[in-house]
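Q: please find the sequence and the predicted model below.
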Amino acid sequence: MMYKRKTMKLHSAKKTMKAWVRPGFLFVALLAACQSATPEVVMPTAMAQAGPTRTAGAVETSEPIPTVWPTLGPRDKVTSYRVGEGDTLSEIAAHFGLKPETVLWANTEQLFDNADFLLTGMVLVILPVDGVYHQVGGGDTLNNVAAFFGADAQRIADWEENGIDPQNPVLFAGQWIVVPGGTRFSRWRQMPDIGREASALDAGEFGSGACGANYPGGPVGDGELAWPVKEREVLGERFTDWHPGVDLAVSRGDSVRAVDDGVVTFAGWSNLGYGLMVMVDHGNGDFSLYGGLGEVVATCGRGVAEGDALGTAGLTGYPAGAILHFELRRGGQAVDPMSVLSATE
């Protein structure tokens, strides 16, 4: 069955939350995903994270678009959902009574385990229960699949739609099964903290924004953080374990500014899914990351003061609207920026 949701009330400028995608192959993959009614989802075998590409189709119907979210009862089948304008991953997951991670994991090929890759028109695979959707690989058994995903083998066998014979629980290569309660690590590679004394990174790996040298010394922040943009509103995903930043509302062309004194250690295109981005090492254990920029004006090794312009808000990669993806790392840990920024003027 195919569900569609009501139109959400948007920001005053009707900006939509989207994100940045990698160049080249990602452009083609996402374009195909938006146009296809049968999304493909890459899944690992239980005993290896990498393996042959396997696909799963989600059935879609041409039923009329409802004006409100349909009332959902208990579900036991995998279904699909076409992303509407203004949707966020957390809203979609909440409607279906799922954790956001479940939606991310079931749509790895489209979302790359990153909620900011969500695009209007994508058709998502929606599981009936929290867990993992897995295509059986050669050599997989019920017990090792359960162990790999930290799930209960009996629950997998008892899930009726999996079609497993409880008297002879044999799995067949290519078979898709729901793994209730299963979990796995994120496959999205986040940008590391780039220190001023170790900022000479490989541009082929990290993107053309990588700096070619190290920059010891320079300004040090005081830990009192200013807002990076003039608007103080989250438009999209908030800070969570699976989204280690906030997507701040901006207008295209708005100035994006340093939240504290520091040294620029990355300035330009990121191959890790942030689009045009800047990172600042504040020299006191704090690192700030500004992603999805329309333009970068900061340069590698530049010392910046709080409030200095780093770039402008805009569209990079595949977004249909402007946001600033902002991350704050403190002492090697991601910190919710709103817990700090909300207290500043």
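A: Now that the structure is in, tell me what you want to look at.
Q: surely residue 106 touches residue 125?
A: Yes: the pair residue 106 / residue 125 is scored as a contact, 4.5 Å apart, by C-beta atoms under 8 Å. Any C-beta I mention is one placed from the backbone N, CA and C, and that applies to glycine too.
Q: now find how far off-centre stretch 138-147 is within its chain.
A: Distance of stretch 138-147 from the chain centroid (C-alpha atoms, centre = their mean, to the nearest Å) equals 28 Å.
Q: could you tell me the end-to-end distance of it?
A: 16 Å (C-alpha to C-alpha, to the nearest Å).
Q: what does stretch 297-311 give?
A: End-to-end for stretch 297-311, by C-alpha to C-alpha: 5 Å.
Q: quick one: average confidence on it?
A: If you average the pLDDT over stretch 297-311, you get 97.
Q: give me the residues contacting that stretch.
A: The contact list for stretch 297-311 (C-beta atoms under 8 Å, 6 or more residues apart in numbering) reads 196, 199, 211-213, 215, 218-219, 221, 226, 255-267, 276, 278, 280, 290, 293-296, 312.
Q: quick one: buried residues of it?
A: For stretch 297-311, the neighbour count (16 or more other C-beta atoms under 10 Å) marks 298, 300-304, 306, 308, 310-311 as buried.
Q: okay if I get these as CSV plus distance to residue 138 and secondary structure?
A: Below are the buried residues of stretch 297-311 laid out as CSV (distance: C-beta to C-beta, whole Å; DSSP: H, G, I helix; E, B strand; the rest coil):
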residue, distance to residue 138, secondary structure
298, 50, coil
300, 47, coil
301, 51, coil
302, 53, coil
303, 56, strand
304, 54, strand
306, 57, coil
308, 56, coil
310, 50, strand
311, 48, strand
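Q: farthest-apart pair in these, please.
A: 300 and 306 (19.4 Å; C-beta to C-beta).
Q: and of the buried residues of stretch 297-311, the nearest to residue 111?
A: The closest of these, once distances to residue 111 are taken by C-beta to C-beta, is residue 311, at 25.5 Å.
Q: name whatever forms a beta bridge with the closest one.
A: residue 256, residue 296 (DSSP bridges).
Q: distance of it from residue 248?
A: Going from residue 311 to residue 248 by C-beta to C-beta, to the nearest Å gives 14 Å.
Q: repeat for residue 155
A: Taken as C-beta to C-beta, the span from residue 155 to residue 248 is 40 Å.
Q: distance to residue 333 added to the buried residues of stretch 297-311, as a markdown table?
A: Output for those, formatted as a markdown table (distance: C-beta to C-beta, whole Å):
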| residue | distance to residue 333 |
| --- | --- |
| 298 | 24 |
| 300 | 25 |
| 301 | 26 |
| 302 | 26 |
| 303 | 25 |
| 304 | 23 |
| 306 | 22 |
| 308 | 25 |
| 310 | 23 |
| 311 | 25 |
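Q: pLDDT value on the most centrally placed residue in the chain, please?
A: By C-alpha atoms, centre = their mean, the chain has its centre lying nearest to residue 114, at 1.6 Å. pLDDT recorded at residue 114 is 82.
Q: do residue 332 as well
A: On the pLDDT scale, residue 332 gets 89.
Q: next: the one 4 residues further on.
A: Residue-level confidence at residue 336 comes out at 94, pLDDT.
Q: burial measure for it, as a count.
A: By other C-beta atoms under 10 Å, 15 other residues sit near residue 336.
Q: one more: residue 224?
A: Quick note: residue 224 (other C-beta under 10 Å) scores 11 neighbours.
Q: that one contacts residue 261, correct?
A: No: with contact defined as C-beta under 8 Å, residue 224 does not count as touching residue 261 (10.0 Å).
Q: residue ranges of the helices in this protein, please?
A: Secondary structure of the chain (DSSP state H): helices at 25-35, 89-95, 100-106, 108-111, 142-148, 153-158, 203-206, 337-341.
Q: hang on, the earlier thing: list buried residues within the contacts of stretch 297-311.
A: 196, 199, 211, 215, 218-219, 221, 255-267, 276, 278, 280, 290, 293-294, 296, 312.
Q: where does pLDDT dip in the stretch 151-300 of the chain?
A: Across the stretch 151-300 of the chain, nothing is flagged by pLDDT under 70.
Q: which stretches of the protein form strands?
A: 2-3, 79-82, 123-126, 131-135, 176-180, 246-249, 255-257, 262-270, 275-281, 286-296, 303-304, 309-313, 323-330, 333-335 (DSSP state E).
Q: columns distance to residue 240 on top of those strands, output as a markdown table?
A: A markdown table is the format used below for the strands of the chain (distance: least, C-beta to C-beta, whole Å):
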| stretch | distance to residue 240 |
| --- | --- |
| strand 2-3 | 23 |
| strand 79-82 | 20 |
| strand 123-126 | 18 |
| strand 131-135 | 18 |
| strand 176-180 | 22 |
| strand 246-249 | 10 |
| strand 255-257 | 23 |
| strand 262-270 | 21 |
| strand 275-281 | 20 |
| strand 286-296 | 16 |
| strand 303-304 | 29 |
| strand 309-313 | 23 |
| strand 323-330 | 12 |
| strand 333-335 | 10 |
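Q: so which of those comes closest to residue 90?
A: So among these, strand 246-249 is nearest, using C-beta to C-beta, at 11.1 Å.
Q: and the closest one, what does it pack onto?
A: strand 323-330 (3 or more C-beta pairs under 8 Å, 6 or more residues apart in numbering; DSSP states H and E).
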